[in-house]
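Visitor: Sequence plus predicted model, see below.
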Amino acid sequence: MVYDYIIDNYKNGEPIFLSELPGDSKDYLRQEMKRLVDEGRLERLYNGVYYLSYVTILGTKGKISIDKYIEKKYLIVDGKTVGYITGLQLANKYGFTTQNPSCYEICSNEATTKQRKQEIDGNTIVVYKPVADVTDTNKSALQFLDLMSAIDKYSEISQSELAVKLKKYVASVKLDFTVVKEYLPFYPDKVYRNIYDGGLMGELV
């Protein structure tokens, strides 16, 4: 039974994509999912995406985990890296800014247009097409170059503090500068200047 499979394989808040459920007949699966939604055992986010109905410890209706949804839809598909977090969220995560992002920004091979905005359960997700197909090998380099193309816009810290934080960031993601060099030509010239200002030019040479 479909529901037994879901209970065994999915946690509360985890997105359930119709495409990943076992079964030869998609029509049968759709009917089953509709029945489970009607019975209140599943919630439908939108066509083809569901999650288990549950109640939080506060007694409120549980929601889908937006981070898990993003990861499954845009960052790791079938066990392969296909995207990464970018923008203000990335700058905030590594302490370059205290500004909280108003939306999730993602670069993903799953993007069908250059830039697409999606509203999911009250959250705005902006998905960009990457400059090159994202893989496990180049993800960190592309993410770094994205950051360096906007660091002057995001950073709220002094030049010296920025250099320290950048070095820490580079070390924590184990950045390979030979890969960075490969993708540098895809980015605007100011990225060179921002890398230089950030005290990382030595790594590039």
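Guide: Cool, the structure landed.

Visitor: Angles on the backbone of the closest residue in space to Thr113 that isn't next to it in sequence, please.
Guide: Leaving out its chain neighbours, the residue that sits closest to Thr113 by CB to CB, 6 or more residues apart in numbering is Lys129, at 6.9 Å. Backbone N, C-alpha and C define where each C-beta goes, glycine included. Dihedral pair for Lys129: phi -80, psi 130, per degrees, to the nearest 10.

Visitor: who are the neighbours in contact with Lys129?
Guide: Residues in contact with Lys129 (CB atoms under 8 Å, 6 or more residues apart in numbering) are 107-108, 111, 113-115.

Visitor: Apply 7 Å and report the result again.
Guide: 111, 113-114 (CB atoms under 7 Å, 6 or more residues apart in numbering).

Visitor: out of these, which are buried?
Guide: Buried by 16 or more other CB atoms under 10 Å: Ala111, out of the contacts of Lys129.

Visitor: how about the contacts of Lys129 in TSV, adding secondary structure, distance to Glu182 and pLDDT?
Guide: Shown next, in TSV, are the contacts of Lys129 (DSSP: H, G, I helix; E, B strand; the rest coil; distance: CB to CB, whole Å; pLDDT from 0 to 100):
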residue	secondary structure	distance to Glu182	pLDDT
Ala111	coil	21	95
Thr113	coil	25	94
Lys114	coil	22	95
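
Visitor: Relative to Cys103, which of the contacts of Lys129 is nearest.
Guide: Within the contacts of Lys129, distances to Cys103 taken as CB to CB reach their minimum at Ala111, with 15.0 Å.

Visitor: what's the closest non-adjacent residue to the closest one?
Guide: Lys129 is the one closest to Ala111 (CB to CB, 6+ apart), at 4.3 Å.

Visitor: And Thr86, by the same measure?
Guide: Going by CB to CB, 6+ apart, Thr86 has Asp146 as its nearest residue, at 4.6 Å.

Visitor: That neighbour: neighbour count?
Guide: Asp146: 23 surrounding residues under other CB atoms under 10 Å.

Visitor: The longest helix seen in the chain: which residues count as buried?
Guide: As assigned by DSSP state H, the longest helix anywhere in the chain is helix 139-154. Going by neighbour count (16+ other CB under 10 Å), the buried part of helix 139-154 is 139-151, 154.

Visitor: ok, residues contacting it?
Guide: 81, 84, 86, 88, 90-91, 96-97, 107, 130-131, 134, 173, 175-176, 179-180, 183-184, 187-188, 190-191, 194-195, 198.

Visitor: at 6 Å what do you get?
Guide: Contacts of helix 139-154 with the rest of the structure, by CB atoms under 6 Å, 6 or more residues apart in numbering, involve 81, 84, 86, 90-91, 96-97, 173, 175, 179-180, 183, 187, 191, 194-195.

Visitor: Check stretch 157-176 too.
Guide: Under the criterion CB under 6 Å, 6+ apart, residues 94-95, 140, 144, 155, 198-200 lie in contact with stretch 157-176.

Visitor: No more questions from me, cheers.
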